[in-house]
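Student: let's see this in three dimensions:
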Amino acid sequence: MTLVKTTTLTADDSPVTFSGATTTISGAQALTIAAGTGTVTFGAAVGAGALTALTSLEVTGGTIAVNGGEVETTGTQLYTGAVTLGDDTTLTTANSAVTFNTSVSTIQNAVAQTLTIA
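Tutor: Next up, the predicted model:
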């Protein structure tokens, strides 16, 4: 998915899923996802590698599953909800904050995952 303008996705207590390793999110825009108590799942990279970094990312969900390994923004990243890592993960931002408002679990299927914030 390529963002062409600032985007807000709202799912009242319902899941928001970007599934599969090919479901990337790219674009020099801000993305806000408000899922209430629903689970938000990223199955692939967000703004990282060959993709264009997002300007910011704000995610609210009961659980936020970061399974794609990389998230990159030029601005802030805000995670409000219990974050789980499904793979070794790098969160990259250009001199801005990465904020977790609850817990981060790096254990997935009894295997410890690494979290790097750059």
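Student: which sections of the chain are below the confidence cut-off?
Tutor: Where the chain drops to pLDDT under 70, the residues are 21-22, 108-110.
Student: got a list of contacts for the longest strand seen in the chain?
Tutor: Counting by DSSP state E, the longest strand found in the chain is strand 56-66. Under the criterion C-beta atoms under 8 Å, 6 or more residues apart in numbering, residues 13, 16, 30-42, 46-47, 71, 73-87, 89, 96 lie in contact with strand 56-66. For glycine as for every other residue, the C-beta is placed from the backbone atoms N, C-alpha and C.
Student: now, of these, which are buried?
Tutor: With burial judged by 16 or more other C-beta atoms under 10 Å, the buried subset of the contacts of strand 56-66 is 16, 30-31, 33-35, 38-42, 46-47, 71, 73-75, 77, 79, 81-86, 89.
Student: what about the closest residue to Thr37 other than its chain neighbours, neighbour count?
Tutor: Nearest residue to Thr37 in three dimensions, chain neighbours excluded: Gly62, at 4.0 Å (C-beta to C-beta, 6 or more residues apart in numbering). Neighbour count for Gly62, taken as other C-beta atoms under 10 Å: 15.
Student: just the CA atoms of the longest strand of the chain, as PDB, please.
Tutor: Extracted C-alpha coordinates of strand 56-66, given in PDB (Å, rounded to 0.1, in the frame of the first residue of the first chain):
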ATOM      1  CA  SER A  56       5.000   9.400  11.200                       C
ATOM      2  CA  LEU A  57       3.100   6.400  12.500                       C
ATOM      3  CA  GLU A  58       0.600   6.300  15.300                       C
ATOM      4  CA  VAL A  59      -1.100   3.000  16.200                       C
ATOM      5  CA  THR A  60      -3.700   2.300  18.800                       C
ATOM      6  CA  GLY A  61      -5.000  -1.300  19.300                       C
ATOM      7  CA  GLY A  62      -5.500  -3.900  22.000                       C
ATOM      8  CA  THR A  63      -2.500  -5.700  20.600                       C
ATOM      9  CA  ILE A  64      -0.100  -4.400  17.900                       C
ATOM     10  CA  ALA A  65       1.700  -7.200  16.200                       C
ATOM     11  CA  VAL A  66       4.900  -6.100  14.400                       C
END
